[in-house]
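Peer 1: Structure, please.
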Amino acid sequence: MKKIGLATAVLLAMTGAHAYQVELQGQSEFLKQHGAEDTYTGDAQGTFYFKDVDASKGPLAEAAFLNKASNVKLGYHFDRQKEFNNFSTSDKTQSYGAKAEGYYETSYIPVPVYGSVSYNHTDVTSKYQGDKDKDHGDRYALEVGALPTNNFLVAVGYTNVTNAYSLDNFKAFNNGVLTARNEAATANARYKTDAVTARAKYVGNIDNTNMAVGFEVDSIFVHGSAAYGLATDLYLTPQLSVGANYADTSAFKSGTDHIWGGNVNYFITPAISVGATYTKANAKDNETDDAQTIGLNTRIRF
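Peer 2: Numbering: from 1, shown residues only. This is a model prediction of the structure:
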């Protein structure tokens, strides 16, 4: 019976079932940075939805959001970098994360409400001239919000960031390693640990077409420093989308000034997708902070 169930799940994924409860995703980025050896990152993410997600309406990539699908997810991130002219110097980063999201409708509040909680743990192992040093950072986050109109979410939150190593695992997966690193550095600006977050997200159809558009704005504020991000996607069909993103971290006097990028995603079937991303980080004062990534990703739903 187990073999029959597995075969059925695979068959449904290949033939294009329009409902799913599990989503598995993988991603890798090729990272090129001045002063460092080229490297690859690796990310994996698994999501379980408490109810079937109907993917028959709207962009397939946003089916869970359009369904207001409560879920739990686990994530993992890995990267290792070496100095270009000194192969005895390297940093290895591993990050593990867990997150739960919930959408609720009650008779006491006229609009649906939203809440999420997450935890991330990051381990960093540094080697320099034969010496090894280890560091780690924990990160907690809480977010609450509401959907004042259909498919439009606004939310505010709080996050505790132990140090600049404390990556948001899910931001690394969704926005790339460069954005995640700079967001963590902003959150830990001036060695503070508490930060306030805010974001808004909208997905809507374009009248008289099968096209749709999506926007998401997110920000983090900590003791006079801030970082902002904007992402937009155009869904040419429910299966195909192109997007652009921008992040401003100019609150720093040095380091990365801003990050921009683009992406394309295509669903081969309603259950299987592939995609590609490009990200570039521009340094403000020091060109060694210049970096760019090219990424590939895939997902399967069943």
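Peer 1: mind checking how far the residue nearest the centre of the chain is from residue 107?
Peer 2: Compute the mean C-alpha point of the chain, and by CA atoms, centre = their mean the closest residue is residue 174, 2.3 Å away. Between residue 174 and residue 107 the computed distance is 34 Å (CB to CB, to the nearest Å). Just so you know, the C-beta spots here come from the backbone N, C-alpha and C atoms, and that holds for glycine as well.
Peer 1: Backbone torsions only: list them for residue 177.
Peer 2: Backbone torsions for residue 177, taken as degrees, to the nearest 10, come to phi -70, psi -30.
Peer 1: which residues of the stretch 51-200 of the chain fall in helices?
Peer 2: With DSSP state H, counting those that start in this stretch as the definition, the stretch 51-200 of the chain shows helices at residue ranges 63-66, 169-175, 177-187.
Peer 1: Do you have the strands of this protein handy? List them.
Peer 2: Here the chain has its strands, by DSSP state E, at 19-33, 39-54, 71-83, 86-104, 113-128, 131-149, 152-161, 194-205, 212-222, 225-235, 240-248, 256-269, 272-283, 291-301.
Peer 1: hang on, the earlier thing: look at the residue nearest to the centre of the chain and report its pLDDT.
Peer 2: You'll see residue 174 listed with a pLDDT of 86.
Peer 1: Reformat the strands of the chain as a markdown table; add distance to residue 179 and mean pLDDT.
Peer 2: Compiled in a markdown table, the strands of the chain are given as follows (distance: least, CB to CB, whole Å; pLDDT from 0 to 100):
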| stretch | distance to residue 179 | mean pLDDT |
| --- | --- | --- |
| strand 19-33 | 11 | 93 |
| strand 39-54 | 12 | 94 |
| strand 71-83 | 12 | 88 |
| strand 86-104 | 14 | 84 |
| strand 113-128 | 15 | 88 |
| strand 131-149 | 15 | 86 |
| strand 152-161 | 15 | 93 |
| strand 194-205 | 14 | 93 |
| strand 212-222 | 10 | 92 |
| strand 225-235 | 7 | 89 |
| strand 240-248 | 5 | 93 |
| strand 256-269 | 6 | 89 |
| strand 272-283 | 7 | 91 |
| strand 291-301 | 10 | 94 |
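Peer 1: This completes my enquiry, with thanks.
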